[in-house]
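Visitor: predicted model and sequence below, questions to follow.
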Amino acid sequence: MRYFLLSLGLLVIPMVFAKDKSLTLVANTPVSISTPLSIESIKKIYLLKQLNWSNKTPIIVINRKSTSSARKIFEHKLGLSSTKYALYLKKMHYKGMSLPIIQESKQAVLAFVEKVPGSIAYIEGEVPSGMKNIKIIGSLR
């Protein structure tokens, strides 16, 4: 019984904290984005249903490890089940789709997006100053 309650607590705690955390959506886009991306647009990109920016440049999707708190928050904000999302990505991989690139930390995400045109990612908090190629294209609150 104690094991069950502990397990249940470990599943619920990230969701409680996820409601209070915000993420910033960042990209190194080859096109101008005048308004923040909608939740539906972000979902299309992360579900690999939108593969290119409006000028046909490929979108390079960056994700965090499945155990990352930022990823748990991201999935919660988009209404994605972690388990179903993982299975969905596995299915897309078997269909020959390029999966999101996994980065270990906020710093790794920022370094990648700064250097790679077409990339998109989410980070905790704000973008440090001096990153000239990174544009803030939305937020998940």
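Guide: Thanks, I have it.
Visitor: contact partners for the closest residue to residue 101 other than its chain neighbours?
Guide: Sequence neighbours aside, residue 62 is the residue nearest to residue 101 in space, at 5.3 Å (criterion: CB to CB, 6 or more residues apart in numbering). C-beta here means a position set from N, CA and C on the backbone, and glycine is covered the same way. For residue 62, the contact set (CB atoms under 8 Å, 6 or more residues apart in numbering) comprises 100, 101, 102, 103, 109, 112, 113, 119, 120, 121.
Visitor: neighbouring strands - and their directions - for the strand or helix carrying residue 62?
Guide: Under the criterion of DSSP states H and E, residue 62 resides in strand 60-64. For strand 60-64, the paired strands and their directions (DSSP bridges) read strand 101-103 (parallel), strand 119-124 (parallel).
Visitor: distance between that strand and the chain's centre?
Guide: 6 Å (CA atoms, centre = their mean, to the nearest Å).
Visitor: hang on, the earlier thing: wait, which of the contacts of residue 62 is closest to residue 58?
Guide: residue 119 (9.6 Å; CB to CB).
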